[in-house]
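[1] Mind looking at a prediction? Sequence and model below.
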Amino acid sequence: MRKYDWVKLKSLLYKYRKQASSLVLMIVALLGTLFLAINYYVEHVGAKYIYRADGVPTADAVLILGAYVLPDGTLSDMLRDRVTVGYELYQQDKAPKIIVSGDHGRKDYDEVNSMKNFIKSEGVTGKDIFMDHAGFSTYESLYRARDIFKANKVIIVTQRYHLMRAIYIARQLGLEAYGVASDLHDYGQVMTIYELREMVARNKDFWLTIIQPQPTFLGEAISVFGDGGATDDSVSTSDVKLLVYPEKYAMTSSSSPGIRIAVQYSGIVDTVCYSTTYGSLLTWDIGNGKTTNRGQKVVLPYDISVYWIPIENNGLYKATNKILVKVSILNKNKILAEQQMEINYDGSMYYSVQTSPDVVIAEGLIH
């Protein structure tokens, strides 16, 4: 290549690179502007419907959104403030019923019973308190308030930073929603992080309310105009037996894609929820040999087994001395019974199932 051609080529490359950089900067600027615009819009719409407790319109129910519960069931400061304000609204006859919505996806973590117990300790009858055990997100809580609990008009209770988004979601889903903020304390420096996360959540839920996907669980309607006792749970572990194979598993020396787990349960069941603390859960189509990685939590029909493997979704091993796999029996979106099994890692290559009367090795599960 002649020197003149080389200089010309370098000049063209520099020009195109400069144009590409300008284009990237323009796209980033546009996306940033869109992000801030959506955040402002969600805030603005939600803020219009926030009232003081004494001025909020009456509604079908007070909806208290869940937050962190300590391991012993004690409400965190933020959640206790939400429940306190929700209870006070009920006492002021702003609504005849209370819905407590939060995460009760694991036996060892239960926001909704903790909230209900707190309110009952104040003298409220259980029939006026409805528990939404599957309020895994703000969007899901509002969707289920509409479709499961058949509420038309709700007063949402949470901290103001969160309340604007909750009201926006509810209004987009067709609920006549109002809000009362529960900022009874200064929650400290953590609020800076919460506020930044909330900006991302507002953008996410802006698009989610356009698509309006169904929540993780739906199920049979339980009208908020009825008896809240219908949402009480009584979870048993004695009725569930787990059938597993093999007892010892190694990635390099097994014909099975993982440790197969099947459920034996005599009651009525719609679906089964499997979750694991480490590793991943697979389903296997034996007909074509195809496996599908379902991550660390999956809900499946009762007759479909899962396979546990010691690999995370990103393909990296996550070896640990003790792994727990929990199985929840669901019927009409209610947890009827649960069981869990323990898998131990020997530090080299084998993962062994800890057997018990409820966790048995079943060689018939080879395939």
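    Yep, it's here. These numbers were taken from a predicted model, which means no experiment stands behind them. Numbers count the residues shown, from 1 in each chain.
[2] Next secondary structure after the strand ranked longest in the chain?
    If you go by DSSP state E, the chain has its longest strand at strand 334-345. Next helix or strand after strand 334-345 toward the C-terminus (DSSP states H and E): strand 351-354.
[3] what does that following strand rub up against?
    Applying Cβ atoms under 8 Å, 6 or more residues apart in numbering, the contact partners of strand 351-354 are 244, 247-250, 259, 310, 323, 341-346, 359, 361. From N, CA and C alone the C-beta is placed, and that goes for glycine too.
[4] tell me the contacts of the residue most central in space within the chain?
    Taking Cα atoms, centre = their mean as the criterion, Phe136 is the residue nearest the geometric centre of the chain, at 3.3 Å. Shown in contact with Phe136 (Cβ under 8 Å, 6+ apart): Asp103, Gly105, Pro215, Thr216.
[5] how about the nearest residue to the second one once chain neighbours are set aside, secondary structure?
    Residue nearest to Gly105 in three dimensions, not counting chain neighbours: Phe136, with 6.4 Å by Cβ to Cβ, 6 or more residues apart in numbering. Put simply, Phe136 is coil when judged by DSSP: H, G, I helix; E, B strand; the rest coil.
[6] Give me the distance between stretch 249-267 and the centre of its chain.
    26 Å (Cα atoms, centre = their mean, to the nearest Å).
[7] Mind listing what's buried along it?
    Tyr249, Pro257, Gly258, Ile259, Arg260, Ile261, Ala262, Val263, Tyr265 (16 or more other Cβ atoms under 10 Å).
[8] between those residues, which is nearest Thr209?
    Using Cβ to Cβ, Val263 comes nearest to Thr209 of these, at 35.7 Å.
[9] got the phi/psi numbers for the closest one?
    Here is the backbone geometry of Val263 (degrees, to the nearest 10): phi -110, psi 140.
[10] Relative to Thr58, how far out is the nearest residue in space to it that is not next to it in sequence?
    Closest residue in space to Val263, ignoring its immediate chain neighbours: Val272 at 5.5 Å, by Cβ to Cβ, 6+ apart. Val272 sits 41 Å away from Thr58, going by Cβ to Cβ, to the nearest Å.
[11] cool, and Leu208?
    The value you get for Leu208 to Thr58, if Cβ to Cβ is used, is 29 Å.
[12] Looking at those two, which is more packed in?
    Leu208 (18 against 13; other Cβ atoms under 10 Å).
[13] where does the nearest residue to the more buried one once chain neighbours are set aside land in three-state SS?
    Sequence neighbours aside, Tyr139 is the residue nearest to Leu208 in space, at 5.5 Å (criterion: Cβ to Cβ, 6+ apart). Counting by three-state DSSP, the backbone at Tyr139 sits in helix.
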